[in-house]
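In: I'd like to go over a predicted model; first the sequence, then the structure.
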Amino acid sequence: MKIQKEFGRHILFTGAGFTKNFGGLLASEMWYKIFNNRRVQEHTRLMELLRTDFNYELVYHQVINEDYTNEEKESINIAINESYKVLDDIVREWTFHSGAPYPINIYGVNRFLAMFSGIHENGLFFTLNQDLFIERHFNNVMIGLNLPGVQKIPDSHKTILQLPLENSDFKPLPTVDDLRAKSKNLILPRTLNYIKLHGSFGWLSSTGTRMLVIGRQKEGQISEEPLLSCYFHLFKETLSKPNRKLLVIGYGFMDKHINRIIINSINDYSLKLYIISPSDQSAFFSKFNSIEHGEIILKAIVGYFPYKLLDIFPQDQSESHAWREIIGSYFGN
């Protein structure tokens, strides 16, 4: 199902490194949460697998799809879900105050995100993140938050009181018929349309089961879920226009199905990439040598900003040099 809309040329795209700025977990840290899980440690084969493969998504895919017992499959599922619950606890408890371990000026972050809301067009913020940081902490009085096709969770009451999700809070995604009925109103103007390409903690599949897009064959998993398939086509459609500028925060360019769209947009529509990453530029740029068609992505990078979000949005709420540099380069032409 395609969405026929006009989109702004400035597009935001984030990965796990975005939430890491606020204490969130990267893939390597998710691994040790799973490795330390009591249910996993009851199974020798799971522990042996995790000791030799530090990519928790690939471990999960192997256990679920290969010759492992139902008890082992259940244990890895429980460990994955409990790890995402830990991640939600981290973002739920994050606060902006003096002396906090991650004292990023959230008001500045919210103003920055609101710049992608669009005025005459429909603004889009794409992410691979499955945490609820944006849902819990984006609070701009002028710009609302819209998650197309699905109810925002947690609700305002739980957001204000920083309450955890309960099982009753988990929401099923729409079916194909549901999407057809609301297709004209999925993307809203003058709001932050937040597109979670790999699903979200707190979402159920359209058939009512727990679901997250992880492991191998992510594109296949996406195609089986109507809303995520719609999101994926929207991502492709959005970048399939000339003069697009994609600002990337916290994405390591390791997902082939995402890279394929970016590469096609570079080749066919001259997509320009702007990167915010605290990595040393030599380390960041050198990894493209091992990424399929990485040389194409590398040539499309026209802006590189080696900053953490704290550098851009400091605790004292001042206007940083890093902020002026990014605004001038990315929004200035």
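Out: Everything's here; your move.

In: Can you mark which positions in the lengthiest helix in the chain are buried?
Out: Looking across the chain with DSSP state H, the single longest helix is helix 70-93. Buried positions in helix 70-93, judged by neighbour count with 16 or more other Cβ atoms under 10 Å: 72-73, 75-76, 79-80, 82-84, 87-88, 90-92. For glycine as for every other residue, the C-beta is placed from the backbone atoms N, C-alpha and C.

In: ok, residues contacting that helix?
Out: 19, 22-25, 30, 33-34, 37, 39-40, 42-43, 45-46, 56, 59-60, 63-64, 130-133, 136-137, 162-165, 201-202, 210, 212, 214 (Cβ atoms under 8 Å, 6 or more residues apart in numbering).

In: List buried members of those by neighbour count.
Out: In those, burial by neighbour count holds for 19, 22, 24-25, 30, 33-34, 37, 39-40, 43, 46, 56, 59-60, 63, 130-133, 136-137, 165, 201-202, 212, 214, counting by 16+ other Cβ under 10 Å.

In: Which of those fall in helices?
Out: 19, 30, 33-34, 39-40, 46, 56, 59-60, 63, 133, 136-137.

In: Quick check: the residue of the chain most remote from its centre vs M30, distance?
Out: Relative to the mean C-alpha coordinate of the chain, counting by Cα atoms, centre = their mean, the farthest residue is T44 (32.6 Å). Distance, T44 to M30, by Cβ to Cβ, to the nearest Å: 21 Å.

In: Kindly state the beta-bridge partners for L246.
Out: I11, L273 (DSSP bridges).

In: That one - how many residues pack around it?
Out: By other Cβ atoms under 10 Å, the residues close to L246 number 23.

In: Tabulate the buried residues of helix 70-93 (CSV), appending distance to F313.
Out: Below are the buried residues of helix 70-93 laid out as CSV (distance: Cβ to Cβ, whole Å):
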residue, distance to F313
E72, 44
K73, 42
S75, 40
I76, 37
A79, 34
I80, 32
E82, 31
S83, 28
Y84, 26
L87, 22
D88, 23
I90, 19
V91, 17
R92, 20
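
In: Show me the shaky parts of the stretch 51-200 of the chain.
Out: Within the stretch 51-200 of the chain, the set of residues satisfying pLDDT under 70 comprises 119-120.

In: could you pull out the strands for it?
Out: Along the stretch 51-200 of the chain, the segments classed as strands by DSSP state E, counting those that start in this stretch run 124-127, 144-146, 171-172, 191-196.

In: Same check on the stretch 201-333 of the chain?
Out: In the stretch 201-333 of the chain, the strands defined using DSSP E, counting those that start in this stretch lie at 203-204, 245-249, 272-276, 301-305.

In: Output the contacting helices and strands for the first one.
Out: Using 3 or more Cβ pairs under 8 Å, 6 or more residues apart in numbering; DSSP states H and E as the contact definition, the elements that strand 203-204 packs against are strand 171-172.

In: cool, the third one as well?
Out: When contacts are defined as 3+ Cβ pairs under 8 Å, 6+ apart, strand 272-276 packs onto strand 245-249, helix 294-300, strand 301-305.

In: roughly how far out does the first one sit from the chain middle?
Out: Computed by Cα atoms, centre = their mean, to the nearest Å, the separation of strand 245-249 from the middle of its chain amounts to 13 Å.

In: repeat for the last one
Out: Distance of strand 301-305 from its chain centroid, counting by Cα atoms, centre = their mean, is 20 Å.

In: Who does it pair with, and is each partner parallel or antiparallel?
Out: Partners of strand 301-305 in its sheet, by DSSP bridges: strand 272-276 (parallel).

In: What are the buried residues along the strand it pairs with?
Out: Going by neighbour count (16+ other Cβ under 10 Å), the buried part of strand 272-276 is K272, L273, Y274, I275, I276.

In: For the stretch 201-333 of the chain, which segments are assigned as helices?
Out: 218-223, 226-239, 256-269, 281-286, 294-300, 309-312, 321-326 (DSSP state H, counting those that start in this stretch).

In: Which two among the ones in helices among the buried ones among the contacts of helix 70-93 are spaced furthest apart?
Out: Spatially, the most separated pair among those is L46 and H137, at 34.2 Å (Cβ to Cβ).

In: Distance of the closest residue to L25 other than its chain neighbours relative to L247?
Out: Spatially, and ignoring its direct neighbours in sequence, L25 is nearest to L87 (5.2 Å; Cβ to Cβ, 6 or more residues apart in numbering). L87 is 24 Å from L247, where distance means Cβ to Cβ.

In: what sits against the residue nearest to D311 when sequence neighbours are not counted?
Out: Spatial nearest neighbour of D311, excluding adjacent residues (Cβ to Cβ, 6+ apart): A322 at 4.9 Å. Contacts for A322 (Cβ under 8 Å, 6+ apart) come out as F305, Y307, D311, I312.
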